[in-house]
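Trainee: pasting a predicted model and its sequence here:
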There are 2 protein chains.
Amino acid sequence: MADAGWPSFARSLKGVVLDLCGVLYESGEGDGVAIRGSVEALERLRASNLKLRFCTNETQASRGKFVAKLKRLGFDISPSEVFCPAPAVVALLKERSLRPHLLVHEGLMPEFASVDKNDPNCVVIGDAAEYFTYQNLNDAFRVLMSMEKPVLFSLGQGRYYKETDGLKLDVGVYMKALEYACDLEAEVVGKPSLAFFQSVLKDMELQPHEVLMIGDDLVNDVGGAQRCGMKGVQVRTGKYRSSDQWHPTVTADGTVDDLREAVEMILEQRTD
Amino acid sequence: MADAGWPSFARSLKGVVLDLCGVLYESGEGDGVAIRGSVEALERLRASNLKLRFCTNETQASRGKFVAKLKRLGFDISPSEVFCPAPAVVALLKERSLRPHLLVHEGLMPEFASVDKNDPNCVVIGDAAEYFTYQNLNDAFRVLMSMEKPVLFSLGQGRYYKETDGLKLDVGVYMKALEYACDLEAEVVGKPSLAFFQSVLKDMELQPHEVLMIGDDLVNDVGGAQRCGMKGVQVRTGKYRSSDQWHPTVTADGTVDDLREAVEMILEQRTD
């Protein structure tokens, strides 16, 4: 059964991990909009015996505010089911006694309330958007250059995302900028890092081959999950591009129009 | 004679190319300050039979304003002796019928007065400093993403420079950011590009082995000149760091405390 193709491998699944933006909803002004059929698809998945988790690189809002937004869009999700980079990096910082200089969106600051930020000995960057001024990036750069062995955490490594008014530069672009400026390699926290996917599996108490990731980002969702031993299916919503099918290193285990189709195909296999 | 070491190869030189910032002066508030002994050193070089040119990646001011600043610092230099990236990229744009979207410092804009900037089909970035806002970088990114085959020119590829109040991020950092965002490779105009050094040699009417470059930047000054067949000597002023002596790929033909010492050693060889 381990080598069965899509959708037949769905028979042996015990859990599903969903990306949020581009799978459940499209971001944009205000809360954004739910993708057609995704509210019902999630309800059908919930009614199955599959374990469910949500895995996002969202770093513009705290997890609480983010889940409240999803609720307004019609999705019934609890904060404990959502894995995002900020709580993961906070755990890392405490584990390694690191005090961060933060270059993150104002909306993310509450996540770091419990963290000692005096006399910083590392830098954490997130999707800071308009907070990525020259001054702020230069400040982060100077903190890194003042360390003997500079440590930079990047909350994801995305190149860009799509909002209703067009493409927006994502955190990965600024990660590359600081990597070049300081001649260092950042530690990525969030998708596609192995540790991030493993923490989700650990919480689910499942083995990688028992879990499917569904996302719109071929490299960070599908590729990241596959590198961890999970299956990965891509939806043709969100940032999907037709050129993804010729990607040089990542091939999805399956491609579907949207979450509704993915859920339909999964549940069909399981009621044979 | 071709393989003679420093300073004995100075006997066969016919020309010298000088970097400006970090060799003649240190930048900072106002005009910055002349480096001790550099005004007299330049006068001594002028009095020799060596041809002289100046080669800089300065892109915060037009060449005219830049030369006026040097004059106030005590350096007698004419604009036609100075090679900088902006006039070079303007020549390239015209040659290739390209219309740029500009992300450069306000002070550099006059250099592009004669260039058609409507309906852009390429992007040019310079050391824009505080003009590198999220919005401005995102605008440049969107212009690139709207092209079938995006073209990005970067006026130099420096990582950072030193001002009197500390380190400042240079254009190369934003070049890397856009390269990653758009999955492209920028064309670098200025040091260390081969074409840029060759244009200086052509203007001097000299062969590469007849010319010495003196700079503070090991990679962009010394390495760039050497790749072109010139000799390269590094001064221990400006952005020089003691770690430069263990650089994995570039080794200077000679290292001196400052321009004064370089000129002394060159002229000594020539009066034997």
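Mentor: That came in fine, so what should we check first? All values derive from a computational prediction rather than experimental measurement.
Trainee: mind listing what's buried in whichever strand or helix holds A:M265?
Mentor: Using DSSP states H and E, A:M265 sits in helix A:259-270. Judged by neighbour count using 16 or more other C-beta atoms under 10 Å in any protein chain shown, the buried positions of helix A:259-270 are A:259-267, A:269. All C-beta spots, glycine's among them, are computed from the backbone N, C-alpha and C.
Trainee: these two touch, right, A:V188 and A:S154?
Mentor: Yes. If you go by C-beta atoms under 8 Å, A:V188 and A:S154 touch, sitting 5.2 Å apart.
Trainee: how far away from the center of its chain is the helix holding A:M265?
Mentor: Offset of helix A:259-270 from its chain centre (C-alpha atoms, centre = their mean, to the nearest Å): 22 Å.
Trainee: do stretch A:154-162 as well
Mentor: Distance, centroid of stretch A:154-162 to centroid of chain: 9 Å (C-alpha atoms, centre = their mean).
Trainee: for the helix or strand A:L93 falls within, packing partners?
Mentor: In this structure, A:L93 sits in helix A:85-95 according to DSSP H and E. If you count contacts as 3 or more C-beta pairs under 8 Å, 6 or more residues apart in numbering or on different chains; DSSP states H and E, helix A:85-95 packs onto strand A:122-125, strand A:152-155, strand A:187-189, helix A:194-204.
Trainee: closest one to B:F9 among these?
Mentor: If you check each of those against B:F9 by C-beta to C-beta, strand A:152-155 wins as the nearest, at 42.5 Å.
Trainee: burial of A:R72, as a residue count?
Mentor: The number of residues packed near A:R72 is 11, by other C-beta atoms under 10 Å in any protein chain shown.
Trainee: which residue packs closest to it, ignoring adjacent ones?
Mentor: A:D31 (5.5 Å; C-beta to C-beta, 6 or more residues apart in numbering or on different chains).
Trainee: around the one you found, how many other residues sit close by?
Mentor: Neighbours of A:D31 (other C-beta under 10 Å): 14.
Trainee: hmm, A:K69 and it touching each other?
Mentor: Yes. Shown here, A:D31 and A:K69 form a contact pair, counting by C-beta under 8 Å, at 5.0 Å.
Trainee: can you pull the contacts of A:A128?
Mentor: Contact analysis of A:A128 by C-beta atoms under 8 Å, 6 or more residues apart in numbering or on different chains lists A:103-105, A:136, A:171, A:174, B:134.
Trainee: which parts of the stretch 101-250 of chain A are strands?
Mentor: Ranges of strands within the stretch 101-250 of chain A are A:122-125, A:152-155, A:160-163, A:166-169, A:187-189, A:211-215, A:231-235, based on DSSP state E, counting those that start in this stretch.
Trainee: where does A:S38 land on pLDDT?
Mentor: Per-residue pLDDT puts A:S38 at 98.
Trainee: neighbours around it, how many?
Mentor: Residues lying near A:S38 (other C-beta under 10 Å) number 23.
Trainee: gap between the residue lying closest to A:G15 once chain neighbours are set aside and A:V16?
Mentor: With C-beta to C-beta, 6+ apart as the criterion, A:G15 has its nearest non-adjacent residue at 3.8 Å, and that residue is A:K51. To A:V16, A:K51 is 7 Å away according to C-beta to C-beta, to the nearest Å.
Trainee: so for those two, which residue has more residues nearby?
Mentor: Neighbours were counted for A:K51 and for A:V16 using other C-beta under 10 Å; A:V16 has more, 24 against 17.
Trainee: contact residues of the stretch 51-200 of chain A facing chain B?
Mentor: Residues of the stretch 51-200 of chain A found near chain B (C-beta under 8 Å from any C-beta of the partner chain) are A:128-135, A:137-138, A:141-142, A:145, A:159-160, A:166-169, A:172-174, A:176-181, A:183.
Trainee: do I have it right that A:L102 meets A:V124?
Mentor: Yes. With contact defined as C-beta under 8 Å, A:L102 reaches A:V124; the gap is 5.4 Å.
Trainee: thanks a lot, catch you later.
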